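> Dropping a prediction and its sequence here:
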There are 2 protein chains.
Amino acid sequence: MTGARRLDGNGIDVEKQKSPVSSLSSWNVQKATNVFHQEHTVSRDTRRELLGSKFRGCTVWFTGLSGAGKTTISFALEAYLISRGIAAYGLDGDNIRTGLNKNLGFSPEDREENIRRVAEVGKLFADSGSVALCAFVSPYKKDRDLARSLHQDSGLTFIEVYVDTPLEECENRDTKGLYKKARAGEIRGFTGIDQPYEAPDSPEIVCKTVENTVEECMMQIVNYLEEFQIIPRNPAKVEDLMVPEELRSQYKAEAETLLSVEITKLDLQWLQVLGEGWAAPLKGFMREKEFLQCQHFNTLQNDELTNQSVPIVLPISTDDKKRLEGVKSICLRYNNQPCAIMRNPEFYEHRKEERCGRQFGTTNQNHPYIKKIFKAGDWLAGGDIQVLDRIQWQDGLDQYRLTPKELKDRFAEIGADAVFAFQLRNPIHNGHALLMQDCRQQLEARGFKKPVLLLHPLGGWTKDDDVPLPVRMEQHQAVLQDRILDPDLTVLAIFPSPMMYAGPTEVQWHAKARLQAGANFYIVGRDPAGMPHPDPPKRDLYEGTHGAKVLTMAPGLKGLEIIPFRVAAYDTKAKAMAFFDPTRKEDFDFISGTRMRGLAREGVQPPDGFMAPAAWKVLQDYYNSLTEA
Amino acid sequence: MTGARRLDGNGIDVEKQKSPVSSLSSWNVQKATNVFHQEHTVSRDTRRELLGSKFRGCTVWFTGLSGAGKTTISFALEAYLISRGIAAYGLDGDNIRTGLNKNLGFSPEDREENIRRVAEVGKLFADSGSVALCAFVSPYKKDRDLARSLHQDSGLTFIEVYVDTPLEECENRDTKGLYKKARAGEIRGFTGIDQPYEAPDSPEIVCKTVENTVEECMMQIVNYLEEFQIIPRNPAKVEDLMVPEELRSQYKAEAETLLSVEITKLDLQWLQVLGEGWAAPLKGFMREKEFLQCQHFNTLQNDELTNQSVPIVLPISTDDKKRLEGVKSICLRYNNQPCAIMRNPEFYEHRKEERCGRQFGTTNQNHPYIKKIFKAGDWLAGGDIQVLDRIQWQDGLDQYRLTPKELKDRFAEIGADAVFAFQLRNPIHNGHALLMQDCRQQLEARGFKKPVLLLHPLGGWTKDDDVPLPVRMEQHQAVLQDRILDPDLTVLAIFPSPMMYAGPTEVQWHAKARLQAGANFYIVGRDPAGMPHPDPPKRDLYEGTHGAKVLTMAPGLKGLEIIPFRVAAYDTKAKAMAFFDPTRKEDFDFISGTRMRGLAREGVQPPDGFMAPAAWKVLQDYYNSLTEA
């Protein structure tokens, strides 16, 4: 019995099988023998593993003239790394010269000792698994080389960042007034004035602060850290799965040589979602491992944990599975047109009942999306995706279908310092508007200068009795024209995802996707992604408050703050939509979607202040057209 | 519209609503203005929040004679903290005297400067959110007081640990041979020999290393850190919910004054599970927040994240809910006997369909546990529990019902340096034994000297056609008597939980509970916690490999290594149970539970080597008794 191979039988992920126990369980031995001697050191690898950090410690050393921007960039980087859950700590004059090195002056020897000590402390932080950020003028090459060799001799990464700002610019900035004093002879031995600065010969990174912003300089370093796998790639970074322009004809030609599978319109909508990067870091339709993580934990466990509550899968028939098994690449076709290549496909059972139970909390086949699942193929094809062309629908609305990247660019253009997102699949009434207006006020009260609203109607498949996308878009535009929402501070765009009506599970997806598009805040109201239970008695499928509760507890949404709201209703006293006040509930009239549609269909005006009149007319016209048809 | 209150409407947990965004989104402003000036520092609170750490940085300062055990305890503490995901870093002579302080000697001034620098570095680590562990003789009170004031002036916690080992003992240990040299006059100025050691007047902690083990000393410090909320309480620490002996009569008297609810035998089994600490850190039957975390993420999100995949809930009727609403404490009675008090109860809807969908991946009411759920009350009562008496079943097996704490003590007595757990609810055949034997060999090959098996049959409710617990226990004892498993290295005990037949969801519960009892390794085979689908066609309810796959990916099981195994079957060539070899599948005979029961019932002998003969006889006798009845 040589069992070593058996431990990873069944295709089990053995990576995850950590052995922290080896160190802990030796306690028992120690306890039994009670020998006092030095026994433990924690290896760097063990440390990383146990602290749940997939990053390595290292030292980033910023050198450059006084006023070059070293500390500014290093503090920015510190804040950025910490916002991603990566331990980082900045060492600079402020915390070193007043503490550890307060017994040192500015003589050449003291400068040398200053740098030596900082390098030693940086090394300790790096060894502990932190990213040490040392920002010091450090004008002499030999001192910096010593710092480097101290690290490299211990197997620790040392990254020299030359903050290359011309003396003239530094002197112009002169934030601390030191250049002025040095020129006036009040300070002696000032680098750049009466002491030399030896620029690095081959620094790992050069930051040019005249041409680039702080953020751009910082991202140079972040990209370096990612590239050399010192920190994991940012899962929130939008990485789309589109074939680059220059490779398109080549990939299209390849696609024509591959075995194909025909996908449905619903599949194509999911392909668009994947292709544009809404579901990053997913690289394609889920493989079994990702599917299981999603179903059981509502997350994806890559380098960093990200929220992914709904399966994004490609169902195929048993015949297709048999036909395609063993091939390396598959062409996905819609209406017989090649639209993507799937690489290294993997096939696994589409366990529909179990999937629906876990995703929807019901397996009821009268639920409109569950019905579609049960009609779909019995197998799931998972694999990396390369989308051949931008997916468009030629319905006159494609200009509203902005990708996450395009949205981020738009927010930057506007100069947004906060983005709050509102998901919707219904016409906007003044109750919705109230939430959005209130959210803006909250953000302004917190000091944001220019919070921008992402008004983001869902554009994929919806159930038959929902209002169709073109009508909704017209209605939303009417609301903006009426300035119920400020059109200058609102970006109206279409979210390409299909609707699943999966309540608390789906609301996480709606939030996560908007995080990809640069949203920092997400509004959640009552019963998001809910609908009536398909079977009698009449009731909601999900408990009204669960969506917001689950969303505020959901893992893997770092960087997105959830703003839950109470339900709004028509206040008959104030003749306006208002937040429901349970102390005078008799004054409130709950106008459900069903009732709203009923009124519009029958040509009845809703109460004053329920909806912008022009927007109401859009709805009424739509329902009239249905009656005529 | 003053919206502040609205943000936490609906009882949403606002704690979670972090605001990392405020720092990130200001990037956009900065980008727009491109001003280069120092803008960011990360506050200690923000740092803690974003690094997901609920702990604060601090410095633990070990002082004591050379050889007292300072570094040993500090390294042990470092390993322990890191194993709990808490950043910690040890500073001692090894990494300081050879680095930062290599330009210092042992003169009084240099000793002072040595300690000052270490204190400054400790302070930087503490400020960064780490636990700095400084282990230095530091013989002078004034130096240590300087270190303390450096921290306290910056609002950082400083904890002085006096490692109080008598000089005689240190000299006896003389691990580095330094005392010998000092006595011989080869070293001058050696603390305790020819230089004084000034013991602290009022250290936060005194460790006595003669009377106590390393682990005990370390736990003194851990307890201090927990008590002063510098680190969170260890969720893995077994905290039972039993009323202490001295308070029992008082609580029992109180129980008689309270409104009561009668609970079922199944509820009582869950109460035992909770009361003994198997589901720690759960403090009682789940409240709605815990229930939602469990259903959606299979975890509990307290200070630390722990795995909790199955709901542990108390269903009650609508009548009981109406009767009990608003009371502060409830007495839980079984057969009219008070068995526990529930504090601050909370009532929420028992959404049975949704619960079952998410827990079982099916809502099929022919599933035996789901059937029980649908028959149970329409409300769930959540609240903290105090169990009045140890729960026993008077079936002659109570001595096998060891609590997690009792099991941990047992493993320590045996001197186990690794504990591997095997969950079972069926008779043991030689295929099971093979997994356990193989696991032991794996652990021995990895260097463990005394791996102990926790053979842990489930003792709560099982479905009607499973073999009853008393028969299984007799069968297991026969296997041990036959030495198929080594009785000296096996602890046979009963796990009091009911069985839910919930496949990949339940296997996490089975593993997590054993982690509470001190297991470091958990064996998982094919289709754990599975059963046939209740409806035709004939098939397993869960995919056979999903249990092991999901378990290896499950969050919140830190410290437990999962050991997945391939299925074992009867090898007709070798005439023994063996791991299935797909290259000669014709040689293997899969003897299912159903077939095994059939053979036993019909009095047919199984093939040689399938099961220990004495153990087989136990089964056969049981099935004979059924036929007779």
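It's in.

> can we go C-alpha only for contacts and neighbour counts from here?
Fine.

> pLDDT at A:Arg173, what is it?
We note a pLDDT of 88 for A:Arg173 in this prediction.

> Disregarding residues adjacent in the polypeptide, which is nearest to it?
Once flanking residues are discounted, A:Arg173 sits nearest to A:Gly67: 6.8 Å by CA to CA, 6 or more residues apart in numbering or on different chains.

> and that neighbour, that's in a strand?
No: A:Gly67 is assigned coil when assessed by DSSP: H, G, I helix; E, B strand; the rest coil, not a strand.

> Surely it and A:Thr175 touch.
Yes: between A:Gly67 and A:Thr175 there is a contact at 6.7 Å, judged by CA atoms under 8 Å.

> if you count what's nearby, which of those two comes out ahead?
Taking other CA atoms under 10 Å in any protein chain shown, A:Gly67 and A:Thr175 do not tie; A:Gly67 has more neighbours (27 against 14).

> of all the residues in the stretch 151-300 of chain A, which ones are close to chain B?
A:175, A:209, A:213-215, A:289, A:292-293, A:296-298 (CA under 8 Å from any CA of the partner chain).

> how about those residues, which pair is most distant?
The distance between the two most remote of those (CA to CA) is 54.7 Å, for A:Thr175 and A:Leu292.

> ok, so what distance separates A:Pro532 from chain B?
For A:Pro532, the distance to chain B (CA to the nearest CA, to the nearest Å) stands at 14 Å.

> That residue - nearest residue in space that isn't next to it in sequence?
Counting by CA to CA, 6+ apart, the residue nearest A:Pro532 is A:Asp540, at 4.3 Å.

> Do a quick rundown of the strands in the stretch 451-600 of chain A.
For the stretch 451-600 of chain A, strands defined by DSSP state E, counting those that start in this stretch occupy the ranges A:451-457, A:490-492, A:521-524, A:561-564, A:568-571, A:576-579, A:588-589.

> Return the list of helices and strands in contact with the strand or helix carrying A:Asn624.
Per DSSP states H and E: A:Asn624 is located in helix A:613-628. Counting contacts by 3 or more CA pairs under 8 Å, 6 or more residues apart in numbering or on different chains; DSSP states H and E, helix A:613-628 packs against helix A:469-481, helix A:593-601.

> Please render those as a markdown table that adds mean pLDDT and mean neighbour count to the earlier fields.
Formatted as a markdown table, those follow (pLDDT from 0 to 100; neighbours: other CA atoms under 10 Å in any protein chain shown):
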| stretch | mean pLDDT | mean neighbour count |
| --- | --- | --- |
| helix A:469-481 | 97 | 19 |
| helix A:593-601 | 82 | 16 |
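
> CSV for those, including distance to chain B?
Below are these laid out as CSV (distance: least, CA to the nearest CA, whole Å):
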stretch, distance to chain B
helix A:469-481, 21
helix A:593-601, 21
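
> Mind checking those helices for the one nearest to B:Arg566?
helix A:469-481 (51.1 Å).

> now the helix or strand encompassing A:Glu109 against helix B:108-127, angle please.
In the assignment (DSSP H and E), A:Glu109 maps to helix A:108-127. If you take axes from the mean of the first three to the mean of the last three CA atoms, to 10 degrees, helix A:108-127 sits at 40 degrees to helix B:108-127.

> which other residues reach helix A:108-127?
The contact list for helix A:108-127 (CA atoms under 8 Å, 6 or more residues apart in numbering or on different chains) reads A:44, A:56-59, A:89, A:91, A:96, A:101, A:104-105, A:131-134, A:138, A:143-144, A:146-147, A:150-151, A:156, B:99-100, B:121, B:125.

> From those, which land in strands?
A:58-59, A:89, A:91, A:131-134 (DSSP state E).

> okay if I get the residues you listed as a markdown table plus pLDDT, distance to B:Gln195 and neighbour count?
Formatted as a markdown table, these follow (pLDDT from 0 to 100; distance: CA to CA, whole Å; neighbours: other CA atoms under 10 Å in any protein chain shown):
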| residue | pLDDT | distance to B:Gln195 | neighbour count |
| --- | --- | --- | --- |
| A:Cys58 | 91 | 40 | 28 |
| A:Thr59 | 95 | 39 | 28 |
| A:Tyr89 | 90 | 38 | 29 |
| A:Leu91 | 90 | 36 | 22 |
| A:Val131 | 92 | 40 | 29 |
| A:Ala132 | 94 | 38 | 28 |
| A:Leu133 | 94 | 40 | 27 |
| A:Cys134 | 95 | 38 | 28 |
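
> rewinding a little: point out the one among the strands of the stretch 451-600 of chain A that comes closest to B:Leu557.
strand A:561-564 (27.4 Å).

> For that closest one, what is the distance to the chain centroid?
The gap between where strand A:561-564 is centred and where its chain is centred comes out at 15 Å by CA atoms, centre = their mean, to the nearest Å.

> Let me see the mean pLDDT of it.
Averaging pLDDT along strand A:561-564 gives 92.

> So which residues of the stretch 151-300 of chain A form helices?
Here the stretch 151-300 of chain A has its helices, by DSSP state H, counting those that start in this stretch, at A:167-173, A:178-183, A:214-227, A:248-257, A:265-275, A:288-297.

> Determine the set of other helices and strands touching the shortest one.
Helix A:178-183 makes packing contacts with no helix or strand when contacts are defined by 3+ CA pairs under 8 Å, 6+ apart.

> could you give me the average pLDDT of that helix?
On average, helix A:178-183 scores 90.

> Now that helix - C-alpha only, CSV.
Taking C-alpha atoms only, helix A:178-183 is exported to CSV below (Å, rounded to 0.1, in the frame of the first residue of the first chain):
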residue,chain,number,x,y,z
LEU,A,178,13.3,73.6,2.4
TYR,A,179,14.7,74.6,-1.0
LYS,A,180,14.2,78.2,-0.2
LYS,A,181,16.1,77.7,3.1
ALA,A,182,18.9,75.8,1.3
ARG,A,183,19.3,78.5,-1.4
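
> Need the contact partners of that helix.
Helix A:178-183 is contacted by residues A:171, A:174, A:187-188, A:190, A:193 when judged by CA under 8 Å, 6+ apart.

> Only the buried members of the contacts of helix A:108-127: can you turn that into a ChimeraX selection?
The buried residues among the contacts of helix A:108-127 can be selected in ChimeraX (16 or more other CA atoms under 10 Å in any protein chain shown) with this line:
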select /A:56,57,58,59,89,91,96,101,131,132,133,134,138,143,144,147,150,151,156 /B:99,100,121,125
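
> give me the low-pLDDT residue ranges for the stretch 201-350 of chain A?
A:235-238 (pLDDT under 70).

> What count of nearby residues applies to the residue of it found nearest chain B?
Nearest residue of the stretch 201-350 of chain A to chain B: A:Phe297, at 4.4 Å (CA to the nearest CA). Using other CA under 10 Å, A:Phe297 has 27 neighbouring residues.

> Ignoring the adjacent residues along the chain, who's closest to it?
B:Phe297 (4.4 Å).

> residue contacts, A:Thr165?
A:64-65, A:68-69, A:208-210.

> Of those residues, which count as buried by neighbour count?
Here, 16+ other CA under 10 Å leaves A:64-65, A:68-69, A:208-209 buried among these.

> got the contact list for the residue nearest to A:Arg472 when sequence neighbours are not counted?
Nearest residue to A:Arg472, sequence neighbours excluded (CA to CA, 6+ apart): A:Pro427, at 5.6 Å. By CA under 8 Å, 6+ apart, A:Pro427 lies in contact with A:467, A:472, A:475-476, A:619.

> Could you rerun that using 10 Å?
Applying CA atoms under 10 Å, 6 or more residues apart in numbering or on different chains to A:Pro427 gives the contacts A:457, A:466-469, A:471-476, A:479, A:593, A:596-597, A:611, A:615-616, A:618-619.

> I'd like to know how far it sits from A:Gly460.
Noted for A:Pro427: a distance of 16 Å to A:Gly460, by CA to CA, to the nearest Å.

> So which residues on the stretch 501-629 of chain A come close to chain B?
A:504-505, A:518-521, A:523, A:525-526, A:541-546, A:548-555, A:558-567, A:578-579 (CA under 10 Å from any CA of the partner chain).

> rerun that using 7 Å as the cut-off
A:520, A:545, A:548-550, A:552-553, A:559, A:561-566 (CA under 7 Å from any CA of the partner chain).
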